[in-house]
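*Asks:* Any chance you can model this:
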Amino acid sequence: MKDEHIISMLESRPLSADENDFAQIRAHASICESCRKAYEAADVSSLLLKARANETFEPSPFFQTRVLAALREQQAENQTWAWSRLWRTAAGLASSMVATVAILAILTFVIPGTQTTESQTAAPFANAYSAEAVVLDDNAAPDDQLSDNDVLATLYDADDNVVK
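*Replies:* Predicted structure coming up:
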């Protein structure tokens, strides 16, 4: 160890690692000027680190308030981001629902208004038993079909003729 310097030994491990190594470091530092300076610097830095580790740190009085405010702000940003992500996900569904409502409105209000009067007059005769005919007791039937009223009138008129 006479020709080797202890600087690599000082850099590789702490000073209090091993008593045998510590004795070798002190022996070499007593005869070598550059290694003695390195040993003194390592010793001072070790003492500074120990002193700093033993210090207790008190945060400023408003540290907790600032940290909690920063956390609330971060949570608010995350909630805004979550709503925007939810809207982007549901945008396709919402737009298809709006398109469906628009198509149904067109089919309900615009197309029935464009029918001609001929098709409106022919429509009740196409289905004599439509819901409107039953509810409104509309007995108008085409000439080639007899309605219930025509049949009943014929039967009862015939009975009235027989009794007289």
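*Asks:* hmm, which helix or strand of this protein has the shakiest average pLDDT?
*Replies:* None of the helices or strands of the chain scores lower by mean pLDDT, DSSP states H and E than helix 117-126, at a mean of 52.
*Asks:* if I look at the most centrally placed residue in the chain, how far off is residue 93?
*Replies:* Of all residues in the chain, the one closest to the mean position by Cα atoms, centre = their mean is residue 86, 3.6 Å from it. Distance of residue 86 to residue 93, given as Cβ to Cβ, to the nearest Å: 11 Å. C-beta: built from backbone N, CA, C; applies to glycine.
*Asks:* Residue 5 now?
*Replies:* For residue 5, the distance to residue 93 equals 75 Å [Cβ to Cβ].
*Asks:* and these two? which has more neighbours close in?
*Replies:* When neighbours are counted by other Cβ atoms under 10 Å, residue 5 and residue 93 differ, and residue 5 comes out ahead with 14 against 9.
*Asks:* Specify the local secondary structure of that one.
*Replies:* coil (DSSP: H, G, I helix; E, B strand; the rest coil).
*Asks:* Confirm for me that it is in contact with residue 37.
*Replies:* No. When contacts are counted by Cβ atoms under 8 Å, residue 5 is not listed as touching residue 37 (11.2 Å).
*Asks:* Just give me the neighbour total for residue 12.
*Replies:* 9.
*Asks:* same check, this time on residue 22
*Replies:* Every residue meeting other Cβ under 10 Å relative to residue 22 is counted, giving 14.
*Asks:* For it, give its distance to residue 7.
*Replies:* From residue 22 over to residue 7 (counting by Cβ to Cβ), the distance is 15 Å.
*Asks:* What pLDDT does the model give residue 103?
*Replies:* Model confidence at residue 103, given as pLDDT, is 94.
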